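# Test case, fold it:
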Amino acid sequence: MHEILSYIFLAIETDLLEHGVKAENVSLAGLNDVGEDKESDETKEEDVRILDAAKIMHDAFILFECVMSSLAPAYDAQIIQSAEQRDYQSESPMEVMSRSIVSKIRHVAGDEELYRHITNMNVPPQLYCTRWVRLMFSREVVGQDNVMKLWDLFFDLTTTSSQSQ
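Prediction:
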(Lines give C-alpha, C1' and ligand atoms only; values in the text may rest on other atoms or scores of the structure.)
Protein backbone atom coordinates (compact mmCIF):
# COMPACT_ATOMS: atom_id res chain seq x y z
CA MET A 1 0.00 0.00 0.00
CA HIS A 2 2.84 2.40 0.78
CA GLU A 3 4.12 2.08 -2.80
CA ILE A 4 0.76 3.18 -4.14
CA LEU A 5 0.73 6.14 -1.76
CA SER A 6 4.25 7.12 -2.84
CA TYR A 7 3.17 7.34 -6.49
CA ILE A 8 0.10 9.35 -5.49
CA PHE A 9 2.37 11.81 -3.66
CA LEU A 10 4.65 11.95 -6.69
CA ALA A 11 1.73 12.74 -8.99
CA ILE A 12 0.41 15.47 -6.68
CA GLU A 13 3.83 17.07 -6.23
CA THR A 14 4.46 16.96 -9.97
CA ASP A 15 1.08 18.58 -10.62
CA LEU A 16 1.80 21.25 -7.99
CA LEU A 17 5.11 22.08 -9.63
CA GLU A 18 3.62 22.19 -13.13
CA HIS A 19 0.65 24.27 -12.03
CA GLY A 20 2.93 26.58 -10.04
CA VAL A 21 4.91 27.36 -13.17
CA LYS A 22 1.69 27.87 -15.17
CA ALA A 23 0.28 30.16 -12.46
CA GLU A 24 3.42 32.30 -12.51
CA ASN A 25 3.28 32.54 -16.31
CA VAL A 26 -0.41 33.48 -16.21
CA SER A 27 0.09 36.20 -13.61
CA LEU A 28 3.06 37.61 -15.55
CA ALA A 29 1.18 37.43 -18.85
CA GLY A 30 -1.73 39.33 -17.29
CA LEU A 31 0.34 42.47 -16.71
CA ASN A 32 1.35 44.99 -19.36
CA ASP A 33 4.61 47.01 -19.34
CA VAL A 34 3.26 49.45 -16.75
CA GLY A 35 2.12 46.68 -14.40
CA GLU A 36 -1.60 47.11 -15.09
CA ASP A 37 -3.93 44.20 -15.77
CA LYS A 38 -4.59 43.59 -19.41
CA GLU A 39 -7.57 41.64 -20.70
CA SER A 40 -6.72 38.43 -22.50
CA ASP A 41 -8.24 35.09 -23.38
CA GLU A 42 -5.49 33.29 -21.46
CA THR A 43 -6.23 31.13 -18.46
CA LYS A 44 -6.75 33.01 -15.22
CA GLU A 45 -4.63 32.11 -12.18
CA GLU A 46 -7.73 30.85 -10.32
CA ASP A 47 -8.40 28.38 -13.15
CA VAL A 48 -4.86 27.02 -13.05
CA ARG A 49 -4.66 26.48 -9.29
CA ILE A 50 -6.20 23.11 -8.54
CA LEU A 51 -4.16 21.74 -5.67
CA ASP A 52 -3.01 23.58 -2.58
CA ALA A 53 0.51 22.78 -1.39
CA ALA A 54 -0.64 23.27 2.21
CA LYS A 55 -3.22 20.51 1.75
CA ILE A 56 -1.05 17.92 0.00
CA MET A 57 -1.53 15.36 2.79
CA HIS A 58 -5.31 15.75 2.60
CA ASP A 59 -5.35 15.43 -1.19
CA ALA A 60 -3.09 12.38 -1.07
CA PHE A 61 -5.26 10.70 1.55
CA ILE A 62 -8.48 11.26 -0.41
CA LEU A 63 -6.93 9.91 -3.62
CA PHE A 64 -5.34 6.99 -1.75
CA GLU A 65 -8.69 6.17 -0.16
CA CYS A 66 -10.39 6.15 -3.57
CA VAL A 67 -7.74 3.91 -5.12
CA MET A 68 -7.73 1.53 -2.17
CA SER A 69 -11.53 1.23 -2.16
CA SER A 70 -11.25 -0.13 -5.70
CA LEU A 71 -8.45 -2.48 -4.68
CA ALA A 72 -10.16 -3.71 -1.50
CA PRO A 73 -10.92 -7.17 -2.93
CA ALA A 74 -7.18 -7.73 -3.46
CA TYR A 75 -6.64 -7.35 0.28
CA ASP A 76 -9.76 -9.19 1.42
CA ALA A 77 -9.42 -12.85 2.40
CA GLN A 78 -13.16 -13.36 2.87
CA ILE A 79 -14.70 -16.15 0.81
CA ILE A 80 -17.41 -15.22 -1.69
CA GLN A 81 -20.25 -17.66 -2.00
CA SER A 82 -23.04 -17.02 -4.43
CA ALA A 83 -26.23 -19.05 -4.33
CA GLU A 84 -25.11 -21.37 -7.15
CA GLN A 85 -21.61 -21.77 -5.68
CA ARG A 86 -22.60 -22.71 -2.12
CA ASP A 87 -22.77 -26.41 -2.75
CA TYR A 88 -19.54 -26.98 -4.63
CA GLN A 89 -17.19 -24.00 -4.87
CA SER A 90 -15.97 -21.01 -2.86
CA GLU A 91 -13.74 -18.22 -4.12
CA SER A 92 -11.87 -15.38 -2.50
CA PRO A 93 -12.27 -11.88 -3.93
CA MET A 94 -8.69 -12.10 -5.24
CA GLU A 95 -9.54 -15.29 -7.17
CA VAL A 96 -12.48 -13.52 -8.80
CA MET A 97 -10.33 -10.48 -9.63
CA SER A 98 -7.52 -12.69 -11.01
CA ARG A 99 -9.90 -14.61 -13.23
CA SER A 100 -11.21 -11.30 -14.54
CA ILE A 101 -7.68 -10.06 -15.34
CA VAL A 102 -6.79 -13.24 -17.23
CA SER A 103 -10.07 -13.03 -19.13
CA LYS A 104 -9.32 -9.41 -20.09
CA ILE A 105 -5.93 -10.45 -21.47
CA ARG A 106 -7.80 -12.60 -23.94
CA HIS A 107 -10.97 -10.65 -24.64
CA VAL A 108 -9.98 -6.99 -24.19
CA ALA A 109 -6.30 -7.01 -25.14
CA GLY A 110 -6.84 -9.75 -27.68
CA ASP A 111 -3.51 -11.36 -26.80
CA GLU A 112 -4.29 -15.01 -27.43
CA GLU A 113 -0.64 -16.07 -27.18
CA LEU A 114 -0.18 -14.52 -23.72
CA TYR A 115 -3.52 -15.93 -22.59
CA ARG A 116 -2.49 -19.48 -23.65
CA HIS A 117 0.90 -19.10 -21.98
CA ILE A 118 -0.65 -17.98 -18.70
CA THR A 119 -3.36 -20.63 -18.66
CA ASN A 120 -0.91 -23.42 -19.61
CA MET A 121 1.47 -22.59 -16.73
CA ASN A 122 -0.71 -24.53 -14.27
CA VAL A 123 -0.16 -21.77 -11.73
CA PRO A 124 -3.25 -20.29 -10.13
CA PRO A 125 -3.62 -16.69 -11.39
CA GLN A 126 -4.09 -15.32 -7.89
CA LEU A 127 -0.44 -16.19 -7.14
CA TYR A 128 0.92 -13.73 -9.70
CA CYS A 129 -2.05 -11.37 -10.01
CA THR A 130 -1.97 -10.52 -6.30
CA ARG A 131 1.23 -8.52 -6.62
CA TRP A 132 0.11 -6.99 -9.91
CA VAL A 133 -3.12 -5.74 -8.41
CA ARG A 134 -1.95 -4.80 -4.92
CA LEU A 135 0.90 -2.69 -6.30
CA MET A 136 -0.86 -1.62 -9.51
CA PHE A 137 2.06 -2.95 -11.60
CA SER A 138 4.49 -0.49 -9.98
CA ARG A 139 7.15 -3.22 -9.59
CA GLU A 140 6.58 -4.86 -12.97
CA VAL A 141 7.01 -1.68 -15.01
CA VAL A 142 10.46 -0.11 -15.24
CA GLY A 143 10.75 3.59 -14.45
CA GLN A 144 8.45 5.93 -12.58
CA ASP A 145 7.44 7.76 -15.76
CA ASN A 146 6.20 4.48 -17.24
CA VAL A 147 4.32 3.64 -14.04
CA MET A 148 2.65 7.04 -14.13
CA LYS A 149 1.69 6.59 -17.80
CA LEU A 150 0.22 3.16 -17.02
CA TRP A 151 -1.71 4.57 -14.05
CA ASP A 152 -3.03 7.39 -16.23
CA LEU A 153 -4.36 4.72 -18.57
CA PHE A 154 -5.91 2.77 -15.66
CA PHE A 155 -7.67 5.84 -14.32
CA ASP A 156 -8.74 6.92 -17.78
CA LEU A 157 -10.24 3.49 -18.47
CA THR A 158 -11.93 3.47 -15.07
CA THR A 159 -13.41 6.92 -15.67
CA THR A 160 -14.49 6.01 -19.20
CA SER A 161 -16.16 2.77 -18.13
CA SER A 162 -17.96 4.43 -15.19
CA GLN A 163 -19.24 7.26 -17.42
CA SER A 164 -20.60 4.85 -20.01
CA GLN A 165 -22.67 2.98 -17.40
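# pLDDT weak spots in the chain?
20-51, 77-89, 159-165 (pLDDT under 70).
# Where do the helices of it begin and end?
2-29, 45-48, 56-75, 93-107, 112-120, 125-134, 144-164 (DSSP state H).
# Let me have those helices in CSV, extended by mean neighbour count.
Where C-beta positions appear, they are placed from N, C-alpha and C, glycine not excepted. What follows is the helices of the chain, written out as CSV (neighbours: other C-beta atoms under 10 Å):
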stretch, mean neighbour count
helix 2-29, 14
helix 45-48, 13
helix 56-75, 14
helix 93-107, 16
helix 112-120, 12
helix 125-134, 17
helix 144-164, 12
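# mind listing what Ile4 touches?
Neighbouring residues of Ile4 by C-beta atoms under 8 Å, 6 or more residues apart in numbering: Phe64, Val67, Met68, Leu71, Leu135, Met136, Ser138.
# One more: Leu153?
Going by C-beta under 8 Å, 6+ apart, Leu153 touches no other residue.
# Can we start the residue count at 14 from this point?
Yep, numbering from 14; the last one is Leu166 now.
# Leu148 is in contact with Glu16, correct?
Yes - between Glu16 and Leu148 there is a contact at 5.4 Å, judged by C-beta atoms under 8 Å.
# anything in contact with each of those two?
Both Glu16 and Leu148 lack any common contact, where contact means C-beta under 8 Å, 6+ apart.
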